[in-house]
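Student: below are the sequence and a predicted model; questions follow.
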Amino acid sequence: DQQVKQNSPSLSVQEGRISILNCDYTNSMFDYFLWYKKYPAEGPTFLISISSIKDKNEDGRFTVFLNKSAKHLSLHIVPSQPGDSAVYFCAASGSGTSYGKLTFGQGTILTVHP
Amino acid sequence: DAMVIQNPRYQVTQFGKPVTLSCSQTLNHNVMYWYQQKSSQAPKLLFHYYDKDFNNEADTPDNFQSRRPNTSFCFLDIRSPGLGDAAMYLCATMSRGSYNEQFFGPGTRLTVL
């Protein structure tokens, strides 16, 4: 039972355009969502997060949108740069006993072409 | 730089031969995690420590054990590795009170022959 799903295994975008990575979840107890970026031979690094009390969080070129009714979040990268090419993981966490425990999606490979 | 270090980066073992993976951190975080990630799959939490309190995930096989002798170090022991245990093993840390932002090491790629 996969509670966090990234249905697109890969995404290819031209430099300067927008990259949109999507993530769906099924557990309504999740209240905090994170995006991680992973380069080859490195561990995932934290990128941006959003609490369920918000529907948007922005940090420079990166914006995360949360649609709680649809149980869907997305990461927008504008403008995309070749250095953004990596695997992007969506992760979710709940409060209470689930605090500090992340459930990850399978990842989306983003390739940004010069 | 404060960081999470995993050794070795690549580990080859034989079927059934015990293996230990290690993780150390200079972040002084009180929470440490072990994840297993198989090819093209999501990282899967095996267990985690809040300080010395060990928390095992319900579906983590008994074949996997962990030790945390002090704040800085955490070990993953695989008692009898099977072919299905070949994976990337990721260690992560978090400061209790921070909201779920975990810091990951580079991982150890385990091959079982």
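Tutor: Structure's in. What do you need? Remember, predicted model here, so these are calculated numbers, not experimental data.

Student: going by C-alpha atoms from here, please, whenever you check contacts or count neighbours.
Tutor: Will do.

Student: which non-adjacent residue is nearest the residue nearest in space to the middle of chain B?
Tutor: Nearest to the mean C-alpha position of chain B, by Cα atoms, centre = their mean, lies residue B:34 at 3.0 Å. Closest residue to residue B:34 apart from its sequence neighbours, by Cα to Cα, 6 or more residues apart in numbering or on different chains: residue B:91 at 4.7 Å.

Student: just the C-alphas of the helix or strand that the one you found is a member of, formatted as PDB.
Tutor: Assigned by DSSP states H and E, residue B:91 belongs to strand B:87-94. Listed next in PDB are the C-alpha coordinates belonging to strand B:87-94 (Å, rounded to 0.1, in the frame of the first residue of the first chain):
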ATOM      1  CA  ALA B  87      19.900  -2.200  -1.900                       C
ATOM      2  CA  MET B  88      21.100   1.200  -1.000                       C
ATOM      3  CA  TYR B  89      21.100   1.800   2.700                       C
ATOM      4  CA  LEU B  90      20.600   5.400   3.800                       C
ATOM      5  CA  CYS B  91      21.300   6.900   7.200                       C
ATOM      6  CA  ALA B  92      19.600  10.100   8.200                       C
ATOM      7  CA  THR B  93      19.500  12.400  11.200                       C
ATOM      8  CA  MET B  94      17.100  15.000  12.600                       C
END
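
Student: ok, which residues in chain B are in contact with chain A?
Tutor: Counting by Cα under 8 Å from any Cα of the partner chain, the residues of chain B close to chain A are B:40-45, B:90, B:94, B:99-107.

Student: any regions of the chain where pLDDT drops low?
Tutor: Going with chain A. The model of chain A has pLDDT under 70 over residues A:1, A:96-99.

Student: chain B is the one I meant
Tutor: Residues of chain B that meet the criterion pLDDT under 70 lie in B:1-2.

Student: all the strands of it, in order from the start?
Tutor: Assigned by DSSP state E, the strands in chain B fall at B:4-7, B:10-13, B:19-25, B:31-37, B:44-50, B:53-56, B:64-67, B:73-78, B:87-94, B:103-104, B:108-112.

Student: can you give me the neighbour number for residue B:94?
Tutor: Around residue B:94 there are 21 other residues, counting by other Cα atoms under 10 Å in any protein chain shown.

Student: what does the strand holding residue B:91 contact?
Tutor: Residues from elsewhere that reach strand B:87-94 (Cα atoms under 8 Å, 6 or more residues apart in numbering or on different chains): A:43, A:100, B:4, B:6, B:23, B:25, B:29-39, B:100-111.

Student: what segments of chain A are helices?
Tutor: Assigned helices in chain A: none (criterion: DSSP state H).

Student: show me what from it comes close to chain B.
Tutor: Within reach of chain B by Cα under 8 Å from any Cα, chain A has these residues: A:34, A:41-46, A:93, A:99-107.

Student: please pick the buried ones from these.
Tutor: Among the residues of chain A next to chain B, those classed as buried by 16 or more other Cα atoms under 10 Å in any protein chain shown are A:34, A:43-46, A:93, A:100-107.

Student: distance of the residue nearest to residue A:26 when sequence neighbours are not counted from residue A:64?
Tutor: In this structure, residue A:26 finds its nearest non-sequential neighbour in residue A:3, 5.2 Å apart by Cα to Cα, 6+ apart. Residue A:3 sits 19 Å away from residue A:64, taking Cα to Cα, to the nearest Å as the criterion.

Student: which one of those two is surrounded by more residues?
Tutor: A direct count of neighbours by other Cα under 10 Å for residue A:3 and residue A:64 places residue A:64 higher, at 23 against 15.

Student: tell me how far the residue nearest to the more buried one when sequence neighbours are not counted lies from chain B.
Tutor: Of all residues not flanking residue A:64 in the chain, residue A:75 sits nearest, at 4.5 Å (Cα to Cα, 6+ apart). As for residue A:75, its distance to chain B is 17 Å (criterion: Cα to the nearest Cα, to the nearest Å).
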